[in-house]
Structure formats: structure tokens, C-alpha cells
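Q: Quick one: sequence plus predicted model below, questions after.
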Amino acid sequence: MRLLLLVLFTGFFNFNSIKAQVVNEYIDLQSHPTMHMLFNFFGEGLQYFEEGNEPNLTYKHQLKNVNYANYLKDNKGARIVVFGSLTKDGVKAEKAKAVILEQIDFINAFIERNPADFALAKSPQQVRHLVHNTDKTIIIHSIEGANHLVNNQADANFWAEQGVAFFTLIHLVDNELGASAIRPGLGIALINFKGAIRKKEKRGGLTEKGKQVILWLANAGIMTDITHMAEQTRIDALAFMEENGIPPISTHDAYKPIQNSPRGISPEQVLSIYKNKGFVSLPLSGLSLKAYKSEQWVLDRLNSLDNYCDGSIDSYKFTYQLLKEQIESNFMKIDGSLADYQNFNELSEAQKVWFSIGFQSDFNGWVSHSRPRYGKDGCYPLNDLKTNYELET
């Protein structure tokens, strides 16, 4: 979808005072092109393949390098890409900063080697300049997991100087900032074993340290991503950010009426995010957005669909459409200044941008994406009368 850069960046640098130049561009949020630096079996990280020697592609690309720069340069789609660095869960405090800096330096060095096609942006102003004056793919940094990385205001200021746009505060394991969501299945439960065996009421929510980190980041002009938070932690974070006028973002969680898991954001929380000038971004993955313990009205909608292929791009489309319906039908509740409008379509494009839904790919060699609708692993046989693609996205 078309997302104004205004949404992503006026959350920084004194939200109420900025009169931003409007930029219309696609933004791809939160991919991990440096995964190989943590786990060497993921390949070589961001790199080029030789033209004419394209890699084999599959939606099940676990443990494979899929971070190819060929797909990012001269991009008419997602021209602005937010790359996420991360640490191994449980890494010691003294190593956390070095691990992140190594990944940021890797990306910065890649950009320096390829200045004709890529550019680094460390501020909203630099993004706007690059969008209006170049055709380059613009790279922005983010970090997934703030544990051990932000212990005072100076730390937050340091990451702002590196060009970090947002922190996903909590990743896969409960820590001193708060509790992490445990999705259904054995994998995440084993990673967050201590959290999985604790009773819900004993896991707690956002800690005082977590609140302080959010404030430090906001003071430095860095947004906080509430993705991966356990339910009580997310409730606490949204309340705290609303109280302090800090726009929250959710870059790759799910929508609770459809995906009723600890990673599902409720309709009330969605409205809270948009009321506070934040936004929700969905993972561009049919497998991640498959229906799970859905509400009855959702199941009724699903059962009424023709040619719906569960786990394919249909699941992403269905989630996106229902989330869009909720946001747009409540636009007056989100922004009371729009009470004079009868329906959402009467708004100007500049007004509509505050209700945008983002997307996030997370192509890092670990996460599967949408299964095909046709052919092998799909729901329907190949049809000789239509064009079929190896990957249907």
C-alpha cells in the first residue's frame, strides 16, 4: 500500500512542531540482512548475485540467504527499507552494543561500496532529500530488542546518532524491560522457557526500566515498537505512551479477532495506537496471518469467501482488509477533529495518511512467507489458461 513517509517520521523530533514535506513512497519495514553475523548458517548477508545466475526461490527459505541487493536497487516498489539489527537473546550486556554496531557497520560499508544505488538516511530530513533528489534505495536502521542497549539517556542519544529510527523494545525473551509474547507452538516456548513456565500473573507487564527506556528513546527522537510484547506489557506500554504523548508503532504483530494469540493486537489497542498518531504494520506473510481461534464473525466472513487459500497471500489480504475496515470506520473516534465528515472517503489524501497500514517483510532466511495459491503446496491445481508464477505474492 502507499504510505506517506510523514507517518513514519513525524513521530520523532518534537512531534507537534514539525511541518514535514510530504513524501509518497513505499516503506519496507524491519528485515534482517545481517542475520549471518549472529548465525553463520544463514549465508553471507546482504549481497549481489550475478545477473543470469539468479538463486532458486521458495517461500520456505529457512536457513537460506535471501538478502539479495539485486531486488532492492532501482526498486519501483519499496524504495525505503528499514533494516533491523538484533542480538542473540541472553547476550551479555558488555557484548550487546558491539554486536549491534557490527551489524550497522556491515550495512553502512555495503552502502559505501555501492553509492550509485544505495544511500543511508539518519534523519527524516535526509530521507526527504534523498526521495526528492535521487533515485537511490534509501536505507534506515532499526534495532529489535533493547535489553542491555539503552541504560541511560546517553545510550539513547548514541543510537540516534547512528541513525536508528525505532527500537522493538522487547524481542523473544522476558527481560528487565517486560514480558515477551509466546506464540502457539513449541519453538518460541523453548526459547522463552522461563517465561513459558511462569504463571501469567507472575510474568508482570512493562517494568519501570521499560518505561524509562521508552522515555529516553523518545527524548532522543527514536520511536518504540510494541511488537513481541506480551498482553499485559503491551497494555502498560500503550497506556504509558499515551500518557506521555509518545506515538507507538507495531511493525509485525497480528490482529486479534483473526489471529487470537498473544501476538494479536485487539481492536481497542489498534484504536489506541492510531489515536496517539502511531500506526500498525502487518507481516507480509500468509503463513504468519493464518486464522487462529478466530471470533465467530470472522469465521463467518471466511466461510463466505470463494477461492480462499489459507496461508497464502489470501490470509494477508483478509487480515489487511478487516484491519482497514476497523480503522476507517472509526476515523472520527481516532481523530475528533474529523467529526464533520460523513465518511472516510471524504477525507483528503493528506488526512487519510494518518490511518495508513504498513507492511513488513522480515526476509531474513528464517521466516516462511505466503504459500502459493496454485500448484505444489497450493490450494488449487495449475491452470494452463492462466499465467502462473513460481512465487505468487
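A: Perfect, I can see it now.
Q: neighbours around Asn40, how many?
A: 10 (other Cβ atoms under 10 Å). All C-beta spots, glycine's among them, are computed from the backbone N, C-alpha and C.
Q: Now do the spatially most central residue of the chain against Asn345, distance only.
A: Of all residues in the chain, the one closest to the mean position by Cα atoms, centre = their mean is Thr251, 2.6 Å from it. Here Thr251 is placed at a distance of 27 Å from Asn345 (Cβ to Cβ, to the nearest Å).
Q: average pLDDT for the strand or helix carrying Asp314?
A: Assessed by DSSP states H and E, Asp314 sits inside helix 313-329. Mean pLDDT, helix 313-329: 96.
Q: what's it packed up against?
A: strand 254-255, helix 267-275, strand 279-283, helix 296-303, strand 357-360 (3 or more Cβ pairs under 8 Å, 6 or more residues apart in numbering; DSSP states H and E).
Q: Below-threshold pLDDT in the stretch 251-393 of the chain: ranges please.
A: 384-393 (pLDDT under 70).
Q: go again using 90 as the cut-off
A: 284, 307, 349-350, 353, 361-369, 371-378, 380-393 (pLDDT under 90).
Q: out of the helices and strands packed on helix 313-329, nearest to Leu169?
A: Closest of the helices and strands packed on helix 313-329 to Leu169 is helix 267-275, at 14.3 Å (criterion: Cβ to Cβ).
Q: Next, the buried residues of that closest one.
A: For helix 267-275, burial by neighbour count (16 or more other Cβ atoms under 10 Å) applies to 269-270, 272-275.
Q: export these to JSON lines and tack on distance to Phe166?
A: Converted to JSON lines, these look like this (distance: Cβ to Cβ, whole Å):
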{"residue": "Gln269", "distance to Phe166": "18"}
{"residue": "Val270", "distance to Phe166": "18"}
{"residue": "Ser272", "distance to Phe166": "18"}
{"residue": "Ile273", "distance to Phe166": "14"}
{"residue": "Tyr274", "distance to Phe166": "17"}
{"residue": "Lys275", "distance to Phe166": "19"}
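Q: Tell me the one of those nearest Glu231?
A: Gln269 (9.4 Å).
Q: Go ahead and confirm that closest one touches Asp236.
A: No - look at Gln269 against Asp236 with Cβ atoms under 8 Å: they stay out of range, at 11.7 Å.
Q: Redo the helices and strands packed on helix 313-329 as TSV? Include distance to Gly90.
A: As requested, those are exported to TSV (distance: least, Cβ to Cβ, whole Å):
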stretch	distance to Gly90
strand 254-255	26
helix 267-275	29
strand 279-283	24
helix 296-303	37
strand 357-360	25
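Q: Quick one, which of those gets closest to Asn133.
A: Judging the helices and strands packed on helix 313-329 by Cβ to Cβ, what sits closest to Asn133 is strand 357-360, at 24.3 Å.
Q: And the helices in the protein?
A: Applying DSSP state H to the chain gives helices spanning 5-9, 93-113, 124-133, 153-161, 186-191, 193-197, 200-203, 208-219, 231-243, 267-275, 296-303, 313-329, 331-334, 349-352.
Q: As JSON lines, the ones you listed with distance to Thr58 would be great.
A: Output for the helices of the chain, formatted as JSON lines (distance: least, Cβ to Cβ, whole Å):
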{"stretch": "helix 5-9", "distance to Thr58": "31"}
{"stretch": "helix 93-113", "distance to Thr58": "25"}
{"stretch": "helix 124-133", "distance to Thr58": "33"}
{"stretch": "helix 153-161", "distance to Thr58": "35"}
{"stretch": "helix 186-191", "distance to Thr58": "20"}
{"stretch": "helix 193-197", "distance to Thr58": "31"}
{"stretch": "helix 200-203", "distance to Thr58": "37"}
{"stretch": "helix 208-219", "distance to Thr58": "37"}
{"stretch": "helix 231-243", "distance to Thr58": "33"}
{"stretch": "helix 267-275", "distance to Thr58": "33"}
{"stretch": "helix 296-303", "distance to Thr58": "27"}
{"stretch": "helix 313-329", "distance to Thr58": "15"}
{"stretch": "helix 331-334", "distance to Thr58": "40"}
{"stretch": "helix 349-352", "distance to Thr58": "37"}
